[in-house]
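Visitor: here is my input, please return the structure:
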Amino acid sequence: MTFDRITFDAAKMGGQACIRGLRIPVATVVRCVASGMSPEEILEAYPDLELDDITEALQYAASLTEDRIIPLAQTGS
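Guide: Predicted coordinates for the structure are as follows:
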């Protein structure tokens, strides 16, 4: 899956995943949704956002939680 609205810039917000180069981190959008804000409330609080930004922020966050098999290092017996 590609994320056209998620950007990373070391000069903005410490390189965090942000929305379209804005200084609005994906984490902020996800936190708003998690706290129960409606999309309309989020758009009102952050006028530079678009509805598609909220959707893609959630898709990006979901992709970070996908199951992956990570082999554990063997320790001495």
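Visitor: quick one: what helix or strand has the nearest residue to E50 once chain neighbours are set aside in it?
Guide: Distances taken as CB to CB, 6 or more residues apart in numbering place L43 nearest to E50, at 7.6 Å, with adjacent residues excluded. (Each C-beta comes from the backbone N, C-alpha and C, glycine too.) L43 is located in helix 39-45, with elements delineated by DSSP states H and E.
Visitor: tell me where the model's unsure across this structure.
Guide: Low-confidence segments of the chain, defined by pLDDT under 70: 76-77.
Visitor: who's in contact with the residue nearest in space to the middle of it?
Guide: By CA atoms, centre = their mean, the chain has its centre lying nearest to V26, at 3.1 Å. Contacts for V26 were tallied using CB atoms under 8 Å, 6 or more residues apart in numbering; they are 6, 16-19, 57, 60-61.
Visitor: just the buried residues of the residues you listed.
Guide: The neighbour count (16 or more other CB atoms under 10 Å) marks 6, 16-19, 57, 60-61 as buried among the contacts of V26.
Visitor: okay, now the residue nearest to F8 when sequence neighbours are not counted: neighbour count?
Guide: Once flanking residues are discounted, F8 sits nearest to G15: 5.7 Å by CB to CB, 6+ apart. Neighbours of G15 under the rule other CB atoms under 10 Å: 10.
Visitor: need the helices for the protein, in chain order.
Guide: 26-34, 39-45, 51-64 (DSSP state H).
Visitor: next, format those as JSON lines and append distance to T2.
Guide: Output for the helices of the chain, formatted as JSON lines (distance: least, CB to CB, whole Å):
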{"stretch": "helix 26-34", "distance to T2": "15"}
{"stretch": "helix 39-45", "distance to T2": "22"}
{"stretch": "helix 51-64", "distance to T2": "10"}
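Visitor: appreciated, that's everything.
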